[in-house]
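Novice: Sequence and predicted structure, then a few things I'm wondering about:
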Amino acid sequence: MRRREPAALAAFFERYFDQVHGLAYYLLGERTAAEDLTQEVFLKVHRAAHQLDSSRDPGPWLSAIAYNACRDLWRSGAYRLARRSASIDQEAGVALTLTHGDDPEHHALQGERERLVREAITRLPDSLRAVVLLYDYQGLSHQEVALVLKLGHAAARKRYSRALAALGKMLRGRLG
């Protein structure tokens, strides 16, 4: 990978594409923007491949690159304008899938709960949404989240706590 060998780059892309695209999709809430941003992230990875530390998991590094690219996009005027009119609809392919036997009623209720949670996450301010997605959906530790977001460990934990409190208020009485 560090020597930019095509086979290694392809394997790296295959291994981490879903992680990067999923994070971008949840942060941006729009498929086309997430696809564009994912391409941008892997282009940056290609350019910086020589800096990759092979002794460390590249997951947090990729999450940081993806988050910073999203943050740059959020700051753009075009994104803010488009966001005002964007749908909060999320595609099922990116959704967290939970199963409970073959009970169709349970599947329907679970699907509705997941939709409500996804919609609530999209309504969080960007800084709170990022913490929830990095911790709960990307599986990063609070320390890794802090590094990605350039926060102190305590600040990352506090932001996560605030995000959960905000989600709790939004979802109170709706998850039944």
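Specialist: Yep, it's here.

Novice: what's Thr38 in contact with, if anything?
Specialist: Residues in contact with Thr38 (Cβ atoms under 8 Å, 6 or more residues apart in numbering) are 17, 20-21, 24, 66. From N, CA and C alone the C-beta is placed, and that goes for glycine too.

Novice: go with 7 Å
Specialist: By Cβ atoms under 7 Å, 6 or more residues apart in numbering, Thr38 lies in contact with 17, 20-21, 24.

Novice: Ala156 too?
Specialist: Applying Cβ under 7 Å, 6+ apart to Ala156 gives the contacts 131, 142, 145-146, 149.

Novice: Low-confidence stretches in the protein?
Specialist: By pLDDT under 70, the low-scoring segments of the chain are 77-108, 176.

Novice: Helices along that one, start to end?
Specialist: 6-28, 31-47, 59-75, 77-85, 104-123, 126-132, 142-149, 153-171 (DSSP state H).

Novice: domain parsing for this protein?
Specialist: 1-87, 103-176 (automatic domain parsing).

Novice: which residue is nearest the centroid of this structure?
Specialist: Closest to where the C-alpha atoms of the chain average out (Cα atoms, centre = their mean) is Leu23, at 2.3 Å.

Novice: ok so, going back, buried subset of the contacts of Thr38?
Specialist: Among these, the ones that count as buried by 16 or more other Cβ atoms under 10 Å are 20-21, 24.

Novice: Any chance of a markdown table for the residues you listed, columns distance to Arg75?
Specialist: Shown next, in a markdown table, are these (distance: Cβ to Cβ, whole Å):
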| residue | distance to Arg75 |
| --- | --- |
| Val20 | 20 |
| His21 | 21 |
| Ala24 | 16 |
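
Novice: closest to Arg47 among these?
Specialist: Comparing the buried ones among the contacts of Thr38 against Arg47 with Cβ to Cβ places Val20 closest, at 15.2 Å.

Novice: isn't the closest one right next to Val41, touching?
Specialist: Yes - in this structure Val20 lies within contact range of Val41 using Cβ atoms under 7 Å: 5.2 Å.

Novice: So for those two, which residues contact both of them?
Specialist: Common neighbours of Val20 and Val41, using Cβ under 7 Å, 6+ apart, are 62, 66.

Novice: For Gln19, give its distance to Arg123.
Specialist: Separation of Gln19 from Arg123 (Cβ to Cβ, to the nearest Å): 24 Å.

Novice: hmm, I was thinking of Pro60
Specialist: Pro60 sits 26 Å away from Arg123, going by Cβ to Cβ.

Novice: so how many other residues sit close to the nearest residue to Ala120 once chain neighbours are set aside?
Specialist: Nearest residue to Ala120, sequence neighbours excluded (Cβ to Cβ, 6 or more residues apart in numbering): Met170, at 4.3 Å. Per other Cβ atoms under 10 Å, the neighbour tally for Met170 reads 15.

Novice: With that, I have no additional questions.
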